[in-house]
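Trainee: Mind folding the following:
(one chain, ligands or ions: 1)
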Amino acid sequence: MLWNPAAESQPPTTRRALQLERLQATLDWARARVPFHAARLRDRAVRDLDELAALPFTTKADLRDHYPFGLFAVAPAELARLHASSGTRGKPTLVGYTAEDLEVWREVMARVMTAAGARRGDLLHNGFGYGLFTGGLGFHDGGERIGMTVVPVSSGNTARHHLLLQDLQPAALCATPSFALHIAESLAEQGGDPRALGVRHGMFGAEPWSEGLRAALERAFDCRASDIYGLSEIVGPGVAGECERRTGLHVCDDHFLPEIVDPATGVPLPPGTEGELVLTTLTKRALPMIRYRTGDITALRPEPCPCGRTSARIDRLKGRSDDMLVIKGVNLYPSEVEAALLALDELQPTYVLIVDRTATLARLEIQVEPAPALVVRCGGFREHHPALEQVRRRATERLQKAIGLSVEVTVVAPHSLPRSEGKAVRVVERR
Ligand code: DLL
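Mentor: Take a look at the predicted model:
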């Protein structure tokens, strides 16, 4: 089912004409109202969508340098809401919305949530954090737009999640994949059954997650798990989402225009080639973004999908270019480690990568917890139990083959690794 068939399945030529018209209006708007863009764009005209590639990029550093309102195209009094991205260092990245921008956000959220199976009348258990983070309120507004009954549980307080899930039996659940897994795992440990909660549709995102983690979530909740992508600087969640065909994530590209560039050189790459996603907003009033470098690694799939949507799709996100680890000259994304580890049923999808850079050559250790069934088989967790040792050896071999790097795998005691209540921290660097 499509939320807005007229917009989502418009013929490619109509879509391209609309994109060009909106792009030109956005450039005029940004130039007229934001000195930063006026100085960089001057009178450069874009007569064709391909000419976008000649314009300069905008980066997170530009947002930081113009904090708080320097890149805004409307006066603060015209803003209906502010959010901020989850910056861990220094000042957050502040983003703003006019009332019209909030309408667009609700529309794109209604589209991606509908594509994931959410329907009017369904109860939505919202486990994304409410507050400056865009996850909680983004799904809240999208759910209300569809006509769902939204339960604004927010992140954290796992016991309350258990209680409300069991008592209210929601048809839909949304959270970060790592937190959702923690909810399921801890409920099962307390004797509850996450499969009996009645959750049919899980909507997950805000962090990279592998097909293995998808399978683990679908098994845990007996639900269908869909991927939803977005970032605060562009709108929040709702930039792209999967449909029932799972052929990638449909970008709402009548509002956000995607390009893929080489992360090192910034040179545009052809469809199907992996690179950094660059997004240009086509309808944003408060904070227009021109060629924003997302840092996220994916590939563009422009051909239409059998579901009827004619928008471009992106592959599931591999991670951020700045999450990429370089160990002994080998490039590695944490999501690649996750994919290799989760192929083994005896391991739990709870892991952390420890990169030790104190020696001349960096060392990679992967700590992972055993699956409960394995612990039972061993009669409790014992570090040197032959069964654990065997799993450790298999995991090491599998990882070495998958990532081409010698790694040390440690199977650690159940519950010894930190659980995520929001975005999971998968890498610890020792310097
Ligand atoms: O994480 C918005 C969001 C909320 C998306 C809820 C989906 C669900 P930020 O805090 O600004 O916004 O972080 C954005 O998170 O650039 C990606 O690196 C990562 N990210 C978001 N969604 C996905 C996903 C929200 N589905 C940053 N897969 C982005 C992989 C994702 N990474």
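
Trainee: C-alpha from now on. contacts and neighbour counts both.
Mentor: OK.

Trainee: so where does the residue in the stretch 51-200 of the chain that the ligand sits nearest to fall, helix or strand?
Mentor: Going by C-alpha to the nearest ligand atom, the ligand is nearest to G135 of the stretch 51-200 of the chain, at 3.7 Å. In the assignment (DSSP states H and E), G135 maps to helix 134-146.

Trainee: Can you name every helix or strand that that helix contacts?
Mentor: Helices and strands touching helix 134-146, by 3 or more C-alpha pairs under 8 Å, 6 or more residues apart in numbering; DSSP states H and E, are strand 81-85, helix 99-115, strand 123-126, strand 149-151, strand 236-242.

Trainee: returning to what we had before: excluding chain neighbours, what is closest to the residue of the stretch 51-200 of the chain closest to the ligand?
Mentor: Nearest non-adjacent residue to G135, counting by C-alpha to C-alpha, 6 or more residues apart in numbering: F128, 5.3 Å away.

Trainee: Equivalent analysis for H182, please.
Mentor: With C-alpha to C-alpha, 6+ apart as the criterion, H182 has its nearest non-adjacent residue at 6.6 Å, and that residue is R419.

Trainee: hang on, the earlier thing: is it true that the residue of the stretch 51-200 of the chain closest to the ligand touches S232?
Mentor: No: the pair G135 / S232 is not scored as a contact, 9.0 Å apart, by C-alpha atoms under 8 Å.

Trainee: who touches the closest residue to A196 other than its chain neighbours in this structure?
Mentor: Take A196 and drop its neighbours on the chain: the residue closest to it by C-alpha to C-alpha, 6+ apart is F221, 7.7 Å away. Counting by C-alpha atoms under 8 Å, 6 or more residues apart in numbering, F221 makes contact with A184, P194, R195, A196, L197, V199.

Trainee: Which of the residues you listed sits closest to E207?
Mentor: A184 (18.0 Å; C-alpha to C-alpha).

Trainee: Pull the number of nearby residues for that closest one.
Mentor: Neighbourhood size, A184 [other C-alpha atoms under 10 Å]: 20.

Trainee: I'd like to know which elements the strand or helix carrying it is packed against.
Mentor: Per DSSP H and E, A184 falls inside helix 177-189. With contacts taken as 3+ C-alpha pairs under 8 Å, 6+ apart, helix 177-189 sits against helix 158-168, helix 211-221.

Trainee: which is the next helix or strand following that helix?
Mentor: Immediately after helix 177-189, counting by DSSP H and E, sits strand 201-205.

Trainee: For that next one, list the C-alpha coordinates in PDB.
Mentor: What follows is strand 201-205 as a C-alpha-only set of coordinates in PDB (Å, rounded to 0.1, in the frame of the first residue of the first chain):
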ATOM      1  CA  HIS A 201       5.600  -4.600  12.100                       C
ATOM      2  CA  GLY A 202       8.900  -3.500  13.500                       C
ATOM      3  CA  MET A 203      10.400  -0.200  12.200                       C
ATOM      4  CA  PHE A 204      14.000   0.200  13.000                       C
ATOM      5  CA  GLY A 205      16.800   2.700  12.200                       C
END
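
Trainee: Enumerate every residue touching whichever residue of the stretch 251-400 of the chain sits closest to the ligand.
Mentor: Per C-alpha to the nearest ligand atom, L317 is where the stretch 251-400 of the chain lies closest to the ligand, at 4.7 Å. By C-alpha under 8 Å, 6+ apart, the contact set of L317 is P208, D296, I297, T298.

Trainee: which one of those residues is nearest V411?
Mentor: P208 (22.6 Å).

Trainee: burial of the closest one, as a residue count?
Mentor: 24.

Trainee: before we move on, what about A38?
Mentor: A38: 17 surrounding residues under other C-alpha under 10 Å.

Trainee: State the distance from the residue nearest to A196 to the ligand.
Mentor: 19 Å (C-alpha to the nearest ligand atom, to the nearest Å).

Trainee: And the pLDDT for that residue?
Mentor: pLDDT recorded at F221 is 98.

Trainee: secondary structure element for the spatially closest residue to I146 that is not a sequence neighbour?
Mentor: In this structure, I146 finds its nearest non-sequential neighbour in R120, 5.4 Å apart by C-alpha to C-alpha, 6+ apart. Using DSSP H and E, R120 falls within no helix or strand.

Trainee: Just give the number of residues close to the closest residue to H415 other than its chain neighbours.
Mentor: Leaving aside its chain neighbours, H415 sits nearest to E369 (7.5 Å; criterion: C-alpha to C-alpha, 6+ apart). Other residues within reach of E369, judged by other C-alpha under 10 Å, total 21.

Trainee: And for D322?
Mentor: Neighbours around D322, by other C-alpha under 10 Å: 10.

Trainee: Quick check on it: phi, psi?
Mentor: phi -80, psi 0 (degrees, to the nearest 10).

Trainee: Beyond the lengthiest strand in the chain, next helix or strand please.
Mentor: Ranked by number of residues, the top strand in the chain under DSSP state E is strand 347-356. Using DSSP H and E, the helix or strand that follows strand 347-356 in sequence is strand 363-370.

Trainee: looking only at pLDDT, what's the mean for that next one?
Mentor: Averaged across strand 363-370, pLDDT comes to 95.

Trainee: which outside residues touch that strand?
Mentor: 327, 346-357, 388, 406-417.

Trainee: how about 7 Å then?
Mentor: 346-348, 350-357, 407-414 (C-alpha atoms under 7 Å, 6 or more residues apart in numbering).

Trainee: ok, of the residues you listed, which come out buried?
Mentor: 346-348, 350-356, 407-414 (16 or more other C-alpha atoms under 10 Å).

Trainee: show me the contacts for P194.
Mentor: Contacts of P194 by C-alpha under 7 Å, 6+ apart are A184, L187, A188, A220, F221.

Trainee: Mind doing that once more with 10 Å?
Mentor: 162, 165-166, 183-188, 219-223 (C-alpha atoms under 10 Å, 6 or more residues apart in numbering).

Trainee: same thing with A6?
Mentor: R309.

Trainee: now do P270
Mentor: So P270 contacts E259, I260, V261, A299, L300, R301 (C-alpha under 10 Å, 6+ apart).

Trainee: Among the residues you listed, which one lies nearest to R44?
Mentor: Nearest to R44 among these, with distances taken as C-alpha to C-alpha, is E259, at 19.2 Å.

Trainee: Distance from stretch 329-347 to the middle of the chain?
Mentor: How far stretch 329-347 lies from its chain's middle: 18 Å, per C-alpha atoms, centre = their mean, to the nearest Å.
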